[in-house]
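Peer 1: just the structure for this:
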Amino acid sequence: MKFFNLLFLPVIGFSFQLEFTKEFTHQLPHDTLIANVMITIEDESESIVNDRFKVFNNKIKNFDIVERELEKFNIRPKYRHISSTPKITGYIGELRYKVNSYKAKDMHMFISELTELKRFRDTTVSVSNLSWSVKEETYNVTLDLLRFEAISWGNTYANNLSNDLKKNCVLEKVKIARDKINDNSNVNILYSNTLNNSKDVDVPDAKEERVTIYPKYFLECK
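Peer 2: Residues are numbered from 1 along each chain as shown. Below you'll find the predicted structure:
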């Protein structure tokens, strides 16, 4: 068990106060594979660009074994200046989705089927930030359980201290600062790459995320 640095503050009537910090940790297995998918298409005709996007978009919408969230879709003209006058020379479109899957094989199948739709050199399928994470709901439930564990431990500690010292020890306050919570959401990216025009993709192995809180206890014994 971790040793605590106790601060004893004498007060009137042979009572004292204690302040210390304790660590509570839980390991969460990664359960969600996430990726950013971007499809870009170029052509001289806006209608052709739009028709090609319909093929990709229909495939994405009908592939319901992964979760899809549309982030961006636009088609814009490409310009070339001729004699200081801008002239439209073609169109470029961009389609972006955020994709979640709870099974690596489903994500791999989704990416493979998208790349199989590429028929032209001016079409690009890119996959980036492929990584495992923890569902937000699971993470929040774990934090709540850790907070409950910390409070329960504090009450038990106060009762045990009362029995050992033959005093009335009371848990006055528990502070759990938000910035003390070990949030790994920004550092758990195990793989980040861009897949261009290939059906092969390296799916990272799922690991674990460490969730830790450091509650500070305030007790008084009289």
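
Peer 1: got any ranges where this structure has weak pLDDT?
Peer 2: Within the chain, the ranges that satisfy pLDDT under 70 run 1-13, 178-202.

Peer 1: and the lengthiest helix in the chain, what's buried?
Peer 2: The longest helix of the chain (DSSP state H) is helix 136-165. Residues of helix 136-165 classed as buried under the neighbour-count rule (16 or more other Cβ atoms under 10 Å) are 138-139, 142-143, 146-147, 150, 153-154, 157-158, 161-162. In short, each C-beta sits where N, CA and C put it, glycine included.

Peer 1: what is the nearest of these to residue 89?
Peer 2: Of all those, residue 139 has the smallest distance to residue 89: 48.3 Å, by Cβ to Cβ.

Peer 1: quick check: the closest one vs residue 130, distance?
Peer 2: Residue 139 sits 20 Å away from residue 130, taking Cβ to Cβ, to the nearest Å as the criterion.

Peer 1: same question, residue 123
Peer 2: On the measure of Cβ to Cβ, residue 123 and residue 130 end up 20 Å apart.

Peer 1: quick one: which of these two has more around it?
Peer 2: For residue 123 and residue 130, the more surrounded residue by other Cβ atoms under 10 Å is residue 130, and the numbers stand at 25 against 21.

Peer 1: what strand or helix carries that one?
Peer 2: Secondary structure from DSSP states H and E places residue 130 in strand 123-133.

Peer 1: can you list the buried residues in that strand?
Peer 2: 123, 124, 125, 127, 130, 131, 132, 133.

Peer 1: and the helices in this protein?
Peer 2: Using DSSP H, helices in the chain cover 46-62, 104-116, 136-165.

Peer 1: between the shortest one and helix 46-62, how many degrees?
Peer 2: Using axes from the mean of the first three to the mean of the last three Cα atoms, to 10 degrees, one finds that helix 104-116 and helix 46-62 are set 160 degrees apart in direction.

Peer 1: how about helix 104-116 as PDB, C-alpha atoms only?
Peer 2: Output in PDB follows, covering the C-alpha atoms of helix 104-116 (Å, rounded to 0.1, in the frame of the first residue of the first chain):
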ATOM      1  CA  ALA A 104     -11.200  -4.800 -36.000                       C
ATOM      2  CA  LYS A 105     -12.400  -7.100 -38.700                       C
ATOM      3  CA  ASP A 106     -15.400  -4.900 -39.400                       C
ATOM      4  CA  MET A 107     -13.200  -1.800 -39.800                       C
ATOM      5  CA  HIS A 108     -10.800  -3.700 -42.000                       C
ATOM      6  CA  MET A 109     -13.800  -4.800 -44.200                       C
ATOM      7  CA  PHE A 110     -15.200  -1.300 -44.400                       C
ATOM      8  CA  ILE A 111     -11.800   0.200 -45.500                       C
ATOM      9  CA  SER A 112     -11.300  -2.600 -48.000                       C
ATOM     10  CA  GLU A 113     -14.700  -2.200 -49.700                       C
ATOM     11  CA  LEU A 114     -14.200   1.600 -50.000                       C
ATOM     12  CA  THR A 115     -10.800   1.200 -51.700                       C
ATOM     13  CA  GLU A 116     -12.300  -1.300 -54.100                       C
END
